[in-house]
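Asker: quick one: sequence plus predicted model below, questions after.
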Amino acid sequence: MLLTITGYAASDGLLRETYDRMRARPMPPAYNPGHGGVPGIIEAHSLDPEVMPLVFGTSSTLNGAGPLRWPERELVNATASRLDQCFY
Amino acid sequence: MIADPRAVAARWPEPRLRALAELTCAVTEAPWTLSRDHLARAHAAGLADDDVLHAVALGAFFGHLNRIADAVDVPLDYPVRREPPRLERAVPRFLAAPAPVRGEPALDLSRREATAAALARWQAYVARPSAALDERRRAMIAARVGYLLGDPAVGAGAAGGADAAADVIDRELLELADRITLAPWTFEPESYAAVRALGFDDRGLFVPCVAATTAGVRSRIDVCSIALGR
């Protein structure tokens, strides 16, 4: 870890409230981490709880909507991640 | 995980997926290299303009997630069937755009009303000054990222990078913006040392990172939209 991540268990105040809102969003089971907290990519934004819903609100309009179908969206995401060398 | 997205773009049997991979490679590596030929190939492969716009916006957005994941170094927290490949820090940086991309946009994000509105709210928040970073520095970072990606909307002041810097903090912030935009895989503790030495803590470091990645989403979409019409 290069910058601090405050996970769900250690969160309080605005961060905890924001995490709870994030957890309440409908999400495909494939995106639910097994550890019971919120996905790491959401926690990666824990240094700024205010930006978190803005980022993932934008995500919903792209990852939770068409016209591209889910496998096509995954292809786009996986392609970008490989070239950015992001292996999260 | 895709081992070789360029091979998917070149050889995948389904033309639609091949075209999506080709588009996303360009969106990610060098958006200014797109042209009307790419759009024509996408159309021939069965992608409508709205499909292309979706791919561009999604690829650009994922560029933010990838960069934040790398800048923070978030650990893997889900089971994987295959181990991810080894990080290759020596891979050369993405190239900066040689010149701003000019022309009439072939695509318009306003066709995705919800995405345009959500991105506008996100951008407005990131542009707002805070104790961690004033308005000028936020705008400077956004302009630098736009310049790197070939965004014609940024002013000439961003061009030289170091020229836009009024002091040592500006210089280090621009270097951070360059790293996160062109080589997000190179982050290591040392990458933050100079900015930390200037008084930035983790919360303070996260702000310019997000300022740069947010600007990257916007500029990438705009540059692709124009480049696909040339």
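Answerer: Sure thing, it's come through.

Asker: where do the helices sit along the chain?
Answerer: Picking chain A for this. Counting by DSSP state H, chain A has helices at residues A:13-24, A:40-43, A:51-63, A:70-83.

Asker: sorry, I should have been clearer: chain B.
Answerer: Assignment of helices within chain B using DSSP H yields the ranges B:5-11, B:15-29, B:36-44, B:49-72, B:113-127, B:135-149, B:168-182, B:193-197, B:202-227.

Asker: could I get the ones you listed in CSV, plus columns for distance to residue A:12 and mean neighbour count?
Answerer: C-beta: built from backbone N, CA, C; applies to glycine. CSV is the format used below for those (distance: least, C-beta to C-beta, whole Å; neighbours: other C-beta atoms under 10 Å in any protein chain shown):
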stretch, distance to residue A:12, mean neighbour count
helix B:5-11, 41, 16
helix B:15-29, 37, 22
helix B:36-44, 47, 16
helix B:49-72, 20, 25
helix B:113-127, 22, 17
helix B:135-149, 28, 23
helix B:168-182, 29, 21
helix B:193-197, 25, 14
helix B:202-227, 15, 25
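
Asker: ok, now how distant is the residue of chain A most remote from its centre from residue B:121?
Answerer: Most distant from the centre of chain A: residue A:67, at 21.2 Å, with distances by C-alpha atoms, centre = their mean. Noted for residue A:67: a distance of 23 Å to residue B:121, by C-beta to C-beta, to the nearest Å.

Asker: equivalent analysis for residue B:217, please.
Answerer: Between residue B:217 and residue B:121 the computed distance is 13 Å (C-beta to C-beta).

Asker: where in the chain is pLDDT low?
Answerer: Picked chain A for this. Applying pLDDT under 70 to chain A flags residues A:28-31.

Asker: wrong chain, I was asking about chain B
Answerer: Chain B contains residues with pLDDT under 70 at B:155-163.

Asker: contacting residues around residue B:135?
Answerer: Contacts for residue B:135 (C-beta atoms under 8 Å, 6 or more residues apart in numbering or on different chains) come out as B:127-129.

Asker: specify which member of those is nearest to chain A.
Answerer: When the contacts of residue B:135 are ranked by distance to chain A (C-beta to the nearest C-beta), residue B:128 comes first, at 9.7 Å.

Asker: okay, now the closest one: neighbour count?
Answerer: When counting by other C-beta atoms under 10 Å in any protein chain shown, one arrives at 11 neighbours for residue B:128.

Asker: list the contacts of it.
Answerer: B:135, B:138.

Asker: give me phi/psi at it?
Answerer: phi -70, psi 130 (degrees, to the nearest 10).

Asker: to residue A:17, which of the helices of chain B lies closest?
Answerer: Evaluated with C-beta to C-beta, those place helix B:113-127 nearest to residue A:17, the distance being 16.8 Å.

Asker: now the angle from that closest one to helix A:51-63?
Answerer: Interaxial angle, helix B:113-127 versus helix A:51-63 (axes from the mean of the first three to the mean of the last three C-alpha atoms, to 10 degrees): 160 degrees.

Asker: remind me what helix B:113-127 packs against, helices and strands.
Answerer: Using 3 or more C-beta pairs under 8 Å, 6 or more residues apart in numbering or on different chains; DSSP states H and E, the elements in contact with helix B:113-127 are helix A:51-63, helix B:135-149, helix B:202-227.

Asker: from chain B, how far out is residue A:42?
Answerer: 10 Å (C-beta to the nearest C-beta, to the nearest Å).

Asker: the closest residue to that residue other than its chain neighbours: neighbouring residues, count only.
Answerer: The shortest distance from residue A:42 to any non-neighbouring residue, by C-beta to C-beta, 6 or more residues apart in numbering or on different chains, is to residue A:22 (5.4 Å). Counted with other C-beta under 10 Å, the neighbours of residue A:22 add up to 19.

Asker: and residue A:22, what is it in contact with?
Answerer: Counting by C-beta under 8 Å, 6+ apart, residue A:22 has contacts A:38, A:42, A:52-53, A:56.
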